[in-house]
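Chemist: The following comprises the amino acid sequence and a computationally predicted model.
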Amino acid sequence: MKVQQEDNDKKGEFYIEVEGNRAALMTYTWAGKDKLIIDHTEVNNTLRGKGVGYKLVAASVNFARSKNIKILPLCPFAKSVFDKKPEYSDVLA
C-alpha cells in the first residue's frame, strides 16, 4: 500500500487508493508556511485493523521532517498516534 499526497498550498491530504478509490485518507490544513494542522483521518472498513491509519501519520511525519515544518494533530486519531510514538515528538507544534 502506497501513501500518496495531494496539496494545494492551503489544504492537502495523505491517502491510499485501492482499485482507484481512496480507501484511507488524512486531511490537513496549512497554518502559515511552517505548520500543518491534521484535522481528519478516515479509513474504509475493509482496511481497518491493518495499520493503515498509522501509515498515514508516518507519511505526514516524514513530510514534516523533509520540509522542516511542524504538525498540530487536532484529529483525535492522529493525536493518539503522536501520544503513542514519542519518536514523532520532534515534529509536534
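Modeler: On my side now, so go ahead.
Chemist: Next one, pLDDT for Met1 please.
Modeler: Met1 is assigned 84 on the pLDDT scale.
Chemist: just use 545 as the starting number from now, easier for me
Modeler: Sure, I'll start numbering at 545, so the last one becomes Met545.
Chemist: where does the spatially closest residue to it that is not a sequence neighbour land in three-state SS?
Modeler: Distance criterion C-beta to C-beta, 6 or more residues apart in numbering; nearest residue to Met545, sequence neighbours excluded, is Ile560 at 5.1 Å. (Glycine included, C-beta is placed from N, CA and C.) Look at Ile560: counting by DSSP: H, G, I helix; E, B strand; the rest coil, its state is strand.
Chemist: mean confidence score for stretch 618-637?
Modeler: Averaged across stretch 618-637, pLDDT comes to 98.
Chemist: what does stretch 596-607 give?
Modeler: Across stretch 596-607, pLDDT averages out at 98.
Chemist: Tell me how many other residues crowd Lys599.
Modeler: Using other C-beta atoms under 10 Å, Lys599 has 19 other residues around it.
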